[in-house]
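Peer 1: test case, fold it:
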Amino acid sequence: MKSNSNADLEKLYNSEQYKLSNDLLSIRITRGMDRDSASKLLGITKEKYVKLESGYINTSRKEYRSIMLKLVNASLLCNW
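Peer 2: Residues are numbered from 1 along each chain as shown. Here you go, the predicted model:
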């Protein structure tokens, strides 16, 4: 029988948000930004950004995609 924490981790790793969080991380790293820069560029707190990169399940897939698009576009404008 799995413990509750193992079931929670499995749910996280199998979520669409976790996959999107990896894409978000890749975008940030490819652009050469740290978490502080990315969160400032997006206009969100660093805490929220860290949750997004961690695959926060309570964030919709639509919001993830919107944030990723905003990060790409903003980083292009700032020549990151």
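Peer 1: please list all residues in contact with Leu52.
Peer 2: By CB atoms under 8 Å, 6 or more residues apart in numbering, the residues touching Leu52 are Ser21, Leu24, Thr59, Tyr64, Ile67. (Glycine included, C-beta is placed from N, CA and C.)
Peer 1: just checking, the second one touches Ile67?
Peer 2: Yes: applying CB atoms under 8 Å, one finds Leu24 in contact with Ile67, separated by 6.8 Å.
Peer 1: now do the contacts for Lys40.
Peer 2: Applying CB under 8 Å, 6+ apart, no residues contact Lys40.
Peer 1: keeping just the C-alphas, turn whichever strand or helix holds it into CSV.
Peer 2: Lys40 belongs to helix 35-42 when assigned by DSSP states H and E. Extracted C-alpha coordinates of helix 35-42, given in CSV (Å, rounded to 0.1, in the frame of the first residue of the first chain):
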residue,chain,number,x,y,z
ARG,A,35,14.3,33.0,-11.0
ASP,A,36,14.5,36.5,-9.7
SER,A,37,14.8,37.9,-13.2
ALA,A,38,12.0,35.7,-14.6
SER,A,39,9.6,36.6,-11.8
LYS,A,40,10.3,40.3,-12.1
LEU,A,41,9.9,40.1,-15.9
LEU,A,42,6.5,38.4,-15.4
